[in-house]
Every structure is written in C-alpha cells, then in structure tokens.
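Undergrad: Provided below for reference: sequence and predicted model.
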Amino acid sequence: MSVPRVIEGNVVVPKGSKFCIVASRFNHFIVDRLVEGAVDAIVRHGGDASMITIVRVPGAWEIPTALAKIAAKKKSSALIAIAAVIRGSTPHFDYVAGEVAKGAAQVSLSSGVPVAFGVLTTDNIEQAVERAGTKAGNKGWDAAVSAIEMVSLAREIDAAF
Ligand code: INI
C-alpha cells in the first residue's frame, strides 16, 4: 500500500541561511533576554552569529514597518519579531499587541518570508519574566526554532514541487 508523501522542515539551520531579529527597546530588560534566547537557539541548532542581524526599533508598534522594509530586500531567510507588550491600566496594550501581531502576519504572508512571532503579550511583568528565560522557558528561543524550521521547510517545498 502506498503512503502519502510528507514534507516537513527540520530544526538544523540550513547552510547559508540568514536571520534578522527585529527587537524593540521598550521593556528592554525582558526583550534582551528574549533576543539572547533567539541567538542561542540559532547557534545551538547549527548556525553561527555571523548569520544573524539584530535590528532595534523603539517599541512593538514599530516592528511591522521594519519587518516590511527588511522582507522587501529579500536578503533574509527568516525574520524574528521580538518584543514584550505588557498590559497597563490603559487600552494602549490592546492597540499595540493587536497591531504587532496583525502586522507581522501580514508581512509574512505578503512577502513569503517567514516571520516568527517572539512577542510576549502578558498581563503583568511577572508573566513576562516567566517567559523570558525562567519558569515558562524563553519565547525568543521558541520563535527562533520555528524560524529555523520554516527556512528548512521552504527548502523542502522548493525541492518537492
Ligand atoms: N511598546 C512595547 O513594545 N511594549 C509595551 O508594553 C508598550 N506599551 O504598553 O505601551 C509599548 N508601547 C510603545 C509603542 O510600541 C510605540 O513605540 C509608541 O507608541 C510610539 O509609536
């Protein structure tokens, strides 16, 4: 009996790939831990630091604009958006969190360049700390691993169709 063909990526950094991390300075004490996690994940999965460019923006709101400009250059294999949007007592959180998510997805779909979403959206600082290298892992690391898998998957898809 025949079986279906399965196409999937793996989490070994493909040769020659290039990653761009777009990270906010807002809440940098959290964001810096997420960026470290993302860099560490790429290096520990077979990449090296020379494959990585880090672009800094003021806050999460500015991330989609930078992603769009970088994706349009077609020089990056994958982009990784990193920020920490922490709920305060104003509705600002909902606007910023909603727009960065929507914008990152839109850039990814319209450019075809994978955009991994390493943006924390939390109710408080404790939840952000938990996701930035303590109790709940490091979401920057997780986003980088997804980016690696998507770069690998893109190569598999190119070869298969
Ligand atoms: N930017 C963040 O990255 N995280 C936040 O939690 C945040 N809050 O809550 O205000 C935030 N605001 C700044 C925003 O991203 C823009 O930089 C600013 O509005 C200027 O355009």
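TA: Perfect, thanks for sending it.
Undergrad: residues in the protein within reach of the ligand, list them.
TA: 24, 26-27, 58-62, 83-86, 88, 92-93, 96 (Cβ under 6 Å from any ligand atom). For the C-beta atoms, the positions are set from N, CA and C on the backbone; glycine is no exception.
Undergrad: not counting its neighbours along the chain, what's nearest the residue of the chain found nearest the ligand?
TA: Closest residue of the chain to the ligand, Cβ to the nearest ligand atom: G59 (2.3 Å). What sits nearest to G59 in space, not counting adjacent residues and going by Cβ to Cβ, 6 or more residues apart in numbering, is F26, at 3.8 Å.
Undergrad: A helix includes the one you found, no?
TA: No. According to DSSP: H, G, I helix; E, B strand; the rest coil, the state of F26 is coil, so it is not within a helix.
Undergrad: that one contacts R56, correct?
TA: No. Using Cβ atoms under 8 Å, F26 makes no contact with R56, being 10.4 Å away.
Undergrad: look at those two and report which has more neighbours.
TA: The residue with more neighbours, out of F26 and R56, is F26; 18 against 14, by other Cβ atoms under 10 Å.
Undergrad: and the residue nearest the centre of the chain, what are its bridge partners?
TA: Note on the chain: the residue nearest the mean C-alpha position is I80, at 2.5 Å, using Cα atoms, centre = their mean. Listed by DSSP bridges, the beta-bridge partners for I80 are I21, A116.
Undergrad: and it, how far from A116?
TA: 5 Å (Cβ to Cβ, to the nearest Å).
Undergrad: what do these two both touch?
TA: A143, A144, A147 (Cβ atoms under 8 Å, 6 or more residues apart in numbering).
Undergrad: wait, the second one sits on A41?
TA: Which is A144. Yes. Counting by Cβ under 8 Å, A41 is a contact partner of A144 at 3.8 Å.
Undergrad: more neighbours: which of the two?
TA: When A144 and A41 are compared for neighbours, A144 comes out ahead with 33 against 24, by other Cβ under 10 Å.
Undergrad: and the helix or strand the more buried one falls within, which residues are buried?
TA: A144 belongs to helix 139-160 when assigned by DSSP states H and E. The neighbour-count check on helix 139-160 (16 or more other Cβ atoms under 10 Å) flags 139-154 as buried.
Undergrad: stretch 116-129 now?
TA: So for stretch 116-129, counting by 16+ other Cβ under 10 Å, buried means A116, F117, G118, V119, L120, T121, T122, Q127, A128, V129.
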